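A.B. asks: Need the 3D shape of this:
(one chain, ligands or ions: 1)
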Amino acid sequence: MRAMLVDLRSDTVTKPSAGMRAAMAGAEVGDDVYRDDPSVLALEEEVAALLGKPAALFVPTGSMANQIAILCHAERGDELIAGEGAHCAFYEVGAAAALGGVQFAFAGKGGLFTAEEAAEVIKAPAYYLPRTRLIAIENTHNRAGGRVFPQKDVLEIAALAQKHGFKMHLDGARIWNASVASGLSPADLAAPFDTISVCFSKGLGAPVGSALVGARDVIDRALRFRKMLGGGMRQAGVLAAAASYALRNHRERLVEDHAAAALIAETVRTVSGVHIDAVETNIVNVDVPSVPAEALVNAAKARGVLIGASGPHRVRIVTHLDLAKDDVPWTAQALAAAVRDALADVSARSGKTA
Ligand SMILES: Cc1ncc(COP(=O)(O)O)c(C=O)c1O
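C.D. replies: Numbers count the residues shown, from 1 in each chain. As a prediction, the model looks like this:
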């Protein structure tokens, strides 16, 4: 076993590389609340161009980007359609309801959904019903195990939204992974949407930062909401420089994270009693129905790998740029051994109590 733990709880655990730190140290800065920070403005232009939209706004987190989008598109008493387990519904502290007075209707099962499934949950216009206003898609989908949302479905859902006059928001925290896995450019993936949130702090390895991207008038309103939520930062250019560095240097290498996740899945899947869905990007959900997730987490830690529980019998393994290529085979074997340890422990305990 290695002296150091390999941390695969999330792709957010990466530390800025030497090159990124140098870019941060050299960044020109100003006061971004006055819109005076040249590095922030340059990043916003760069990310808007990359996504083929007119404007972008740098914000501290992906959660803030999603919630600003909801505030821009919906009002109190409105409803937003999303897939099950959507980050903006599941992991953002109820912010859509708490801040925007907006509730969710969930389409389909497991995170991805079709236009037909979205159509089933649209509310008919009536004064006594919530108004459906927005459809939000997550690509890749975190809780669904990094699944890529099929672009054919995205286009059909966008056509449905257009027919009803709904807005479309993409939670593209991992749009970079979706792009590499699908072969579609970030601009192609973003085209059917009014707003897109993207993160620099996940697979791209920046320490902080996200952006909301869209039309100029929406981003002008987003600027007001960013300030309202306390997200107006001052000399944020040091952070924007890290994000620009990440965009330029860390997108193409995401294929390595996907290959590492595939090898881990292939290796752990050989243990009987384990179920792993198809792995499309850098997230591996491992279901072991007979073992509590905490026991799997502890067994993996004892073998030198940190992972997280994401359900009563499910753990999540996420690959990222701080997992060295040479450590991947060893890590995959350690995780398979940890699952075997946890299964053996459960069966030894049930033997004792029988
Ligand atoms: C799909 C998705 N959207 C949004 C976020 C929110 O990002 P942040 O942690 O920067 O708020 C995450 C974080 O993991 C995510 O996985």
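A.B. asks: Quick test: name the residue nearest the centre of the chain.
C.D. replies: Geometric centre of the chain, nearest residue: A173, 4.0 Å, by CA atoms, centre = their mean.
A.B. asks: residues contacting that one?
C.D. replies: The contact partners of A173, taken as CB atoms under 8 Å, 6 or more residues apart in numbering, are G62, H87, E138, N142, S197, V198, C199, K202, S210. (Each C-beta comes from the backbone N, C-alpha and C, glycine too.)
A.B. asks: Up against the ligand, what does this protein have?
C.D. replies: By CB under 6 Å from any ligand atom, the residues of the chain that approach the ligand are T61, G62, S63, N66, H87, E138, N142, D171, A173, C199, S201, S210.
A.B. asks: So of those, which two are at opposite extremes in space?
C.D. replies: Using CB to CB, the pair of those lying farthest apart is E138 and S201, separated by 16.4 Å.
A.B. asks: For the stretch 101-250 of the chain, just list every one of the helices.
C.D. replies: All helices of the stretch 101-250 of the chain, identified by DSSP state H, counting those that start in this stretch, fall at 115-120, 151-164, 175-182, 186-190, 216-228, 237-249.
A.B. asks: will you turn the ones you listed into JSON lines that also has mean neighbour count?
C.D. replies: Converted to JSON lines, the helices of the stretch 101-250 of the chain look like this (neighbours: other CB atoms under 10 Å):
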{"stretch": "helix 115-120", "mean neighbour count": "17"}
{"stretch": "helix 151-164", "mean neighbour count": "16"}
{"stretch": "helix 175-182", "mean neighbour count": "24"}
{"stretch": "helix 186-190", "mean neighbour count": "20"}
{"stretch": "helix 216-228", "mean neighbour count": "17"}
{"stretch": "helix 237-249", "mean neighbour count": "24"}
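A.B. asks: In JSON lines: the ones you listed, plus mean pLDDT.
C.D. replies: Formatted as JSON lines, these follow (pLDDT from 0 to 100):
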{"stretch": "helix 115-120", "mean pLDDT": "98"}
{"stretch": "helix 151-164", "mean pLDDT": "98"}
{"stretch": "helix 175-182", "mean pLDDT": "98"}
{"stretch": "helix 186-190", "mean pLDDT": "98"}
{"stretch": "helix 216-228", "mean pLDDT": "98"}
{"stretch": "helix 237-249", "mean pLDDT": "98"}
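A.B. asks: Make a markdown table out of the ones you listed and add distance to A82.
C.D. replies: Converted to a markdown table, the helices of the stretch 101-250 of the chain look like this (distance: least, CB to CB, whole Å):
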| stretch | distance to A82 |
| --- | --- |
| helix 115-120 | 10 |
| helix 151-164 | 11 |
| helix 175-182 | 16 |
| helix 186-190 | 17 |
| helix 216-228 | 19 |
| helix 237-249 | 26 |
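A.B. asks: So which of those helices is nearest V315?
C.D. replies: Shortest distance between V315 and the helices of the stretch 101-250 of the chain, using CB to CB, is found for helix 175-182: 19.6 Å.
A.B. asks: From the contact counts, what lies against that closest one?
C.D. replies: Helix 175-182 is packed against helix 186-190, strand 195-199, helix 254-268, with contacts defined by 3 or more CB pairs under 8 Å, 6 or more residues apart in numbering; DSSP states H and E.
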